[in-house]
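>>> build me a structure from this.
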Amino acid sequence: MAHQIQGQVSSIDESGRLISDISNEQVANAPRDESLTIKFGDHATVGLFPADHDQPPATMVASFGSSGFIEIEIVGISLSEMLGVKKGESVTIEW
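Numbers count the residues shown, from 1 in each chain. Next up, the predicted model:
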């Protein structure tokens, strides 16, 4: 993979969504498809979606967050509780 951005989980919102410290601007020119991988802890997801995505429930999604930073969630489920991910966990985006 030619590009890599390192960051971490900077906060977790009330619904269990992970908010990274990687800004939307840092990945503005990155691909949105499955050639992009977001890794955090022992987990990973592919692709990058807009904040207003319409992915189905129980789907793990990384998106351009309304916070201005990349956010990772499991639609309708607390990702933090389900996977035990905590603030400070490393986040790597590669493409």
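>>> show me which positions of stretch 13-20 end up buried.
Neighbour counts over stretch 13-20 (16 or more other Cβ atoms under 10 Å) mark 16-20 as buried. C-betas here are computed from N, CA, C, even on glycine.
>>> how far away is Val46 from Ala28?
Distance from Val46 to Ala28, counting by Cβ to Cβ, to the nearest Å: 18 Å.
>>> compare those two (neighbour count), which wins?
Using other Cβ atoms under 10 Å, the more surrounded residue of Val46 and Ala28 is Val46, with 13 against 8.
>>> okay, and the beta partners of the more buried one?
Taking DSSP bridges, one finds Thr37 as the beta-bridge partners of Val46.
>>> okay but it is in contact with Thr37, surely?
Yes. In this structure, Val46 is within contact of Thr37 by Cβ atoms under 8 Å, at 5.4 Å.
>>> ok, back up a step: and which of the buried residues of stretch 13-20 is nearest Thr59?
Arg17 (13.0 Å; Cβ to Cβ).
>>> not counting sequence-adjacent ones, nearest residue to that closest one?
Setting aside the residues directly before and after it, Arg17 is nearest to Glu73 in space (Cβ to Cβ, 6 or more residues apart in numbering), at 4.2 Å.
>>> ditto for Gln6
Using Cβ to Cβ, 6+ apart and skipping the chain neighbours, the partner closest in space to Gln6 is Thr92 (5.6 Å).
>>> what's the burial count for that neighbour?
17.
>>> gap between it and Pro57?
26 Å.
>>> hey, which strand is longest across this structure?
Counting residues, the longest strand in the chain under DSSP state E turns out to be strand 4-12.
>>> quick one: contacts for the closest residue in space to Gly41 that isn't next to it in sequence?
Sequence neighbours aside, Glu89 is the residue nearest to Gly41 in space, at 5.1 Å (criterion: Cβ to Cβ, 6+ apart). The neighbours of Glu89, taking Cβ atoms under 8 Å, 6 or more residues apart in numbering as the test, are 8-9, 18, 40-41.
>>> please consider this matter closed, and thank you.
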